[in-house]
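> quick check, what structure comes out for this input:
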Amino acid sequence: MKYTSFAANTFTSIENAPFSPHDYSRLKFGSDHVARAFGHELADAFFAAHVDALLANHVVVIPSPYNFVENAATVMTKHFVDRLNELLVEAKGESVEYLTIQRKVSYINDYGFLSKEKRKGLLDNDRFYVNKEFVRGKLLIFIDDVKITGTHEDKLKEVLADRKIRNDAMFLYFAEYLGSQAEIEAQLNFSGIQNLDDYCALMNEPNHHIIVRPIKFLLSQPVEALKSFLDRVPYEKVKKLYFSALGEGYYRIPAYQKTFALVKSVATSSIRNDG
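A predicted model of the protein is given here:
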């Protein structure tokens, strides 16, 4: 059993990041265009550095665990897999397998604002489910968009140990932060999408994904501001937002109940009008 880590980019501040913080923020709010660019960049860099291991092993790629709605890392991972498979087959190798780890999230806090200790405390209450038989004997490639404190990686290693999964595993990131200020993640997340107008413009772009972070962002807004936002969004997106929030169980969270009720009202009205 051997664990290794790989990052396509490293940085110590937003100012010296070798990637666009603005684009990274768009990734975290559902941009397929950025997810594709970042996923392909990570695949190219990883393949160049580890081609021998990739060709010598049966590989399973695993995105960052989620519950019902995909996160940004999962969207990026699918593009990563597309590009990696292309490179592997061109090199006379085999395409990779793909696996998701189900995660039951226990909190609504914005993770990007929290210290490593607080992140660990929240993660310790989450539940993770891994198909042990499916991964037996295979090289595991875990993908996430950024490594800030390493808390997620530590948790995944703990999950593997608890389930006695002794595979070799590699933890891949588009970028790794080498500083000590955990809250830099929140600065990155909102560096390009700072308000409802920014998100509305992104949401109306082609191939935009409704992912979990923006749902919580929207449900945290004042009711009147959210109402104005929903009026500017295609009703297909409002319905997707509603069913996604429903699937995540956000209707049970007191802080979200007023905004959830508004989204439900607009979405179900649209459903009825759509026939």
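> every contact and neighbour count from this point should use C-alpha atoms.
OK.
> straight-line length of stretch 202-212, end to end?
15 Å (C-alpha to C-alpha, to the nearest Å).
> what are the boundaries of the strands in this protein?
3-11, 59-63, 97-98, 102-104, 127-129, 139-147, 169-177 (DSSP state E).
> quick one: closest of these to K240.
Judged by C-alpha to C-alpha, the one of the strands of the chain that comes nearest to K240 is strand 102-104, at 20.5 Å.
> just the mean pLDDT for that closest one, thanks.
Across strand 102-104, pLDDT averages out at 67.
> for stretch 223-240, same thing?
pLDDT averaged over stretch 223-240 gives 95.
> what sits up against that stretch?
Stretch 223-240 is contacted from outside by 196-197, 200, 203-204, 210, 218-219, 258-259, 262-263, 266-268, 270-271, using C-alpha atoms under 8 Å, 6 or more residues apart in numbering.
> list the buried residues of it.
V223, L226, F229, L230, Y235, K237, V238, K239 (16 or more other C-alpha atoms under 10 Å).
> can you check stretch 177-185 too?
Y177, Q181, A182, E183, I184, E185.
> then stretch 157-165?
K157, V159, L160, I165.
> flag whichever of these scores worst on pLDDT.
V159 (88).
> F128 is in contact with that residue, correct?
Yes. With contact defined as C-alpha atoms under 8 Å, V159 counts as touching F128 (7.3 Å).
> in the protein, which spans are helices?
Secondary structure of the chain, counting by DSSP state H: helices at 21-28, 32-56, 72-90, 116-123, 132-135, 151-162, 184-189, 196-203, 212-219, 223-231, 235-248, 257-274.
> most packed of those?
Neighbour counts averaged per stretch over these are highest for helix 21-28, at a mean of 23; criterion: mean count of other C-alpha atoms under 10 Å.
> where does the stretch 1-150 of the chain dip in pLDDT?
Across the stretch 1-150 of the chain, the ranges flagged by pLDDT under 70 are 103-127.
> if we go to 90?
Applying pLDDT under 90 to the stretch 1-150 of the chain flags residues 1, 65-67, 101-132.
> name the nearest residue to S31, ignoring sequence neighbours.
H208 (5.3 Å; C-alpha to C-alpha, 6 or more residues apart in numbering).
> surely that neighbour and D32 touch.
Yes. If you go by C-alpha under 8 Å, H208 and D32 touch, sitting 5.7 Å apart.
> re the thing from before, tabulate the buried residues of stretch 223-240 (JSON lines), appending distance to N9.
Converted to JSON lines, these look like this (distance: C-alpha to C-alpha, whole Å):
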{"residue": "V223", "distance to N9": "39"}
{"residue": "L226", "distance to N9": "36"}
{"residue": "F229", "distance to N9": "35"}
{"residue": "L230", "distance to N9": "36"}
{"residue": "Y235", "distance to N9": "38"}
{"residue": "K237", "distance to N9": "33"}
{"residue": "V238", "distance to N9": "35"}
{"residue": "K239", "distance to N9": "37"}
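> residue contacts, I210?
F29, G30, V69, K237, K240, L241, S244.
> what is the nearest of the residues you listed to N85?
G30 (23.2 Å).
> what's near enough to touch the closest one?
A72, L202, M203, H208, H209, I210, I211, P214.
> what is the nearest of the buried residues of stretch 223-240 to I62?
K237 (27.3 Å).
> how far away is that closest one from N195?
From K237 to N195 the distance is 18 Å (C-alpha to C-alpha).
> what does I141 give?
From I141 over to N195 (counting by C-alpha to C-alpha), the distance is 34 Å.
> what of V34?
Distance from V34 to N195, by C-alpha to C-alpha: 19 Å.
> cool, and D231?
16 Å.
> ok, now how distant is the residue lying closest to E248 once chain neighbours are set aside from Q102?
Setting aside the residues directly before and after it, E248 is nearest to F68 in space (C-alpha to C-alpha, 6+ apart), at 5.8 Å. F68 is 8 Å from Q102, where distance means C-alpha to C-alpha.
> ok, the residue lying closest to K2 once chain neighbours are set aside - contacts?
Using C-alpha to C-alpha, 6+ apart and skipping residues adjacent in sequence, the residue nearest K2 is D168, 4.7 Å away. D168 makes contact with M1, K2, Y3, K138, L139, L140, according to C-alpha under 8 Å, 6+ apart.
> right, I'll call it a day here.
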